[in-house]
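[1] How does the following fold in three dimensions:
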Amino acid sequence: MFIEEYFEQIREAIAACTAVESFLLTEAKRDSYTGFLRGRVYFPDGSLLHLREFVYVITEVERDMYSYHYVNSSENLIFRYDNADHKPKLNLPNLPHHKHEESEENIVASSAPTLAEVLHEINRLLL
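    Sure thing, here's the model as predicted:
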């Protein structure tokens, strides 16, 4: 797969989510297989998903860095999935993948979700 195809898959995943009101994406191609993606996804209740990915798609999709930061209309954290390296080290399985729930300090174990999975979670929360 080429990076342009991956960027198109991301746009399609966002557009397919019925809860999405609008979105803005900035795509930066580094080479044929590497790119950076940054965006904002807006929802009707005023909540907002900030997303960032640095991705390689040579043989499979590998996200070297990702963050899906979901806030309510008052900018209060609802959740954030990321793979930032915390110091001191967290004692969680699947590190560096983890999830912040409702605060920066409340960190729980998590796998590395895809953007489609994050959008599905938001859709469930908005019902």
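
[2] for this protein, which helix is longest?
    Longest helix of the chain, by residue count under DSSP state H: helix 3-16.

[3] What is that helix packed up against?
    When contacts are defined as 3 or more C-beta pairs under 8 Å, 6 or more residues apart in numbering; DSSP states H and E, helix 3-16 sits against strand 22-31, strand 34-42, strand 48-56, helix 115-126. Every C-beta, even on glycine, is put in place using the N, C-alpha and C of the backbone.

[4] and if we set it to 6 Å?
    For helix 3-16, the packing partners by 3 or more C-beta pairs under 6 Å, 6 or more residues apart in numbering; DSSP states H and E come out as strand 22-31.

[5] which other helices and strands contact the strand it packs on?
    Counting contacts by 3+ C-beta pairs under 6 Å, 6+ apart, strand 22-31 is packed against helix 3-16, strand 34-42.

[6] Contacts made by it with the rest, please.
    Residues outside strand 22-31 that contact it (C-beta atoms under 6 Å, 6 or more residues apart in numbering): 3, 7, 14, 35-42.

[7] May I have the distance across stretch 104-112, first residue to last?
    End-to-end distance of stretch 104-112 (C-alpha to C-alpha, to the nearest Å): 18 Å.

[8] how far does that stretch sit from the chain's center?
    Centroid separation for stretch 104-112 versus its chain: 14 Å, with C-alpha atoms, centre = their mean, to the nearest Å.

[9] What are the buried residues along the longest helix of the chain?
    In terms of neighbour count (16 or more other C-beta atoms under 10 Å), helix 3-16 has its buried residues at 3, 6-7, 9-10, 13-14.

[10] give the contact list for Asp82.
    Here Asp82 is in contact with Ser67 (C-beta under 6 Å, 6+ apart).

[11] Could you pull up phi and psi at the residue nearest the centre of the chain?
    The chain has Tyr68 as the residue nearest its centroid, 3.0 Å off, counting by C-alpha atoms, centre = their mean. Phi and psi for Tyr68, reported as degrees, to the nearest 10, are phi -120, psi 100.

[12] Low-confidence stretches in this structure?
    87-88 (pLDDT under 70).

[13] at 80 instead, please
    Applying pLDDT under 80 to the chain flags residues 86-90.
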